[in-house]
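Trainee: Need coordinates for the below:
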Amino acid sequence: MNRPDAAALRGHAAMLAFSAAVAGSFSLGARAAPLIDPAAITALRFPIGAVILAVAARATGRLSVSDFRAPWRYLVLGGLMAIYFVLMFEGLRTAAPIPTAAVFTLTPVIAAGFGWLILRQRLTGRMALALAVGAAGALWVIFRGDLAALLRLEIGQGEEIYFWGCAAHALYAVMVRRLNRGEGALAFAFGTMAAGTVVLLPWGAPALAALDWGAVPGIVWLTLAYISIAATAGSTALVQYAALRLPASKVMAYTYLVPSWVILWELALGGPRPPELVTVGVALTVVALLLLLKDQR
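Mentor: From the prediction side, this is the model:
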């Protein structure tokens, strides 16, 4: 086994932080989703995230006019992220946080497929085994350890909606590497968020106009602040940073940690302990992550 280089290690560290940050959006989002239109909260999070990234990029001197050549690239990436976030909140209206997070762990399999189609990134045997184990663990959690429900394909509507968002997220991880032309992670992430704002605001404008701002519960404002800073601006920059240093399947492999983080978030927020059968599936996703990280060729 070859030792990973410093750039790859930094990519892994970025994705570890990403998995913890994203997990919080499931637990907080599940509490806020029934209280606000998904279009409204998603349309708000993108401009807030864009401003945060712009300030960070300017403060570090990593933002210049040359970063915005071929702006159509940012529209592609921003559109994919917009699809993901809208479908995530739409799914959380009816789905519980842990099963929804398990759906998210299917993205490495999808990313591996997109990686082969677009970048011709090939899987090793160990990576293929890891993806299979991770997918099995995800399905176990989604169907709550009920084999009969799995055989009947009894999947909730929320999980089904969110799956298509995850497909957009997996494609996004591949397209970051395909479309980047040497821009830094902060500048590239800002361009993505700014383009996402352009895509989302016209669509979310009616929901924003109909919103009774004075009646918005505190949990919605807390969730908006968290998802804008940590789960939008932060996670976008972290994924783009890692995607330039790791294969798409390894970038998305860290999604396998998200259900474990969500369980901790739920316990911290006073939620119930998950059934023991569900934790078996979560354990499988962690095994899948370890298998993927062991393959450093």
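
Trainee: so what's the backbone phi/psi at Ala70?
Mentor: Phi and psi for Ala70, reported as degrees, to the nearest 10, are phi 50, psi 70.

Trainee: distance of the closest residue to it other than its chain neighbours from Leu244?
Mentor: Counting by Cβ to Cβ, 6 or more residues apart in numbering, Ala70 lies nearest to Arg181, which is 7.4 Å off, once chain neighbours are set aside. Backbone N, C-alpha and C define where each C-beta goes, glycine included. Distance of Arg181 to Leu244, computed by Cβ to Cβ, to the nearest Å: 11 Å.

Trainee: Would you mind telling me which of these two has more residues around it?
Mentor: Using other Cβ atoms under 10 Å as the criterion, Arg181 and Leu244 rank with Leu244 on top: 18 against 10.

Trainee: what's near enough to touch the more buried one?
Mentor: Leu244 sits next to 11, 176-177, 180, 185 when contact means Cβ atoms under 8 Å, 6 or more residues apart in numbering.

Trainee: For PyMOL, what selects the buried ones among the residues you listed?
Mentor: Restricted to buried positions by 16 or more other Cβ atoms under 10 Å, the PyMOL selection for these reads:
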select buried, resi 11+176+177+180+185
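
Trainee: Widest-spaced pair of the contacts of Leu244?
Mentor: The two members of those with the most space between them (Cβ to Cβ) are Gly11 and Asn180, at 13.8 Å.

Trainee: residue ranges with poor pLDDT in the stretch 1-150 of the chain?
Mentor: Applying pLDDT under 70 to the stretch 1-150 of the chain flags residues 1-4, 123, 142-150.

Trainee: what about the helices in it?
Mentor: 6-32, 38-59, 72-92, 97-104, 107-114, 125-142, 147-151 (DSSP state H, counting those that start in this stretch).

Trainee: Same question for the second one: list its buried residues.
Mentor: Buried residues in helix 38-59, defined by neighbour count with 16+ other Cβ under 10 Å: 38-54, 56-57.

Trainee: Please enumerate the strands of the stretch 101-250 of the chain.
Mentor: With strands called from DSSP state E, counting those that start in this stretch, the stretch 101-250 of the chain shows none.

Trainee: need the contact list for Ile161.
Mentor: Residues near Ile161 by Cβ under 8 Å, 6+ apart: 87, 90-91.

Trainee: quick one: which of those has the most company?
Mentor: Counting neighbours by other Cβ under 10 Å, Gly91 leads the contacts of Ile161 with 27 neighbours.

Trainee: Distance of it relative to Thr105?
Mentor: The gap separating Gly91 from Thr105 is 14 Å, by Cβ to Cβ.

Trainee: and if you look at Val133?
Mentor: 11 Å.

Trainee: higher neighbour count, these two?
Mentor: Thr105 (30 against 20).
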